[in-house]
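Asks: Pasting the sequence and the predicted model now:
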Amino acid sequence: MQTVQHPESKLEGLGLILAPVRPAVGNYVSCVRTGSLLFTSGQGVDQYHGKLGRELTVEEGYLAAQQSMLNLLSVVKQELGELSRVKRVVKILGMVNCTEDFTATPQVMNGASDLLVQVFGEKGKHARSAVGMAQLPNNTAIEIEMILEIEE
């Protein structure tokens, strides 16, 4: 009989920690549930600032996307109590703060996508958009939002 490893244990095994949920900086909430869907607000990062293609490398962008996803998973855990209630990652939208000629937004967003598959396995495979932006709040390198199907 195979032991099922919980998402939190997988994160721990990767040496990753879920930080406390970052406070909202406006008149909105971190996530909204409707039926079996959970929609998150966008989460940026505190560690990476500047534009990809100028101040930051693709590798740094990958790490920023991973950190943004960890911030999102903190929101999900706070809302659901445990990450094992995630039935399926439906879609993520990644907004990358980048120069006009930067074309590696998919490689940057792999930081988030790879983490989701490592943590949730097949349930972590998702639809995705990775777009470049002229600017993001506080000059953060990345902002990601997510839609999840959850166990009721």
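Replies: Structure received. Model, not experiment: these values are computed from the prediction.
Asks: Surely Gly53 touches Cys98?
Replies: Yes: between Gly53 and Cys98 there is a contact under Cβ atoms under 8 Å: 5.1 Å. For every residue, glycine as well, the C-beta is placed using N, CA and C.
Asks: So for these two, which residue has more residues nearby?
Replies: Set Gly53 next to Cys98 and count neighbours by other Cβ atoms under 10 Å: Cys98 wins out with 26 against 20.
Asks: pretty sure that one is touching Leu52, no?
Replies: Yes: the criterion here is Cβ under 8 Å, and Cys98 meets it with Leu52 at 4.1 Å.
Asks: Now do the shared contacts for these two.
Replies: 105, 132 (Cβ atoms under 8 Å, 6 or more residues apart in numbering).
Asks: show me what contacts Gly13?
Replies: Counting by Cβ under 8 Å, 6+ apart, Gly13 makes contact with Gln5.
Asks: can you pull the pLDDT of it?
Replies: At Gly13, the model reports a pLDDT of 93.
Asks: so where is this protein shaky, pLDDT-wise?
Replies: Counting by pLDDT under 70, the chain has low-confidence residues at 1-4.
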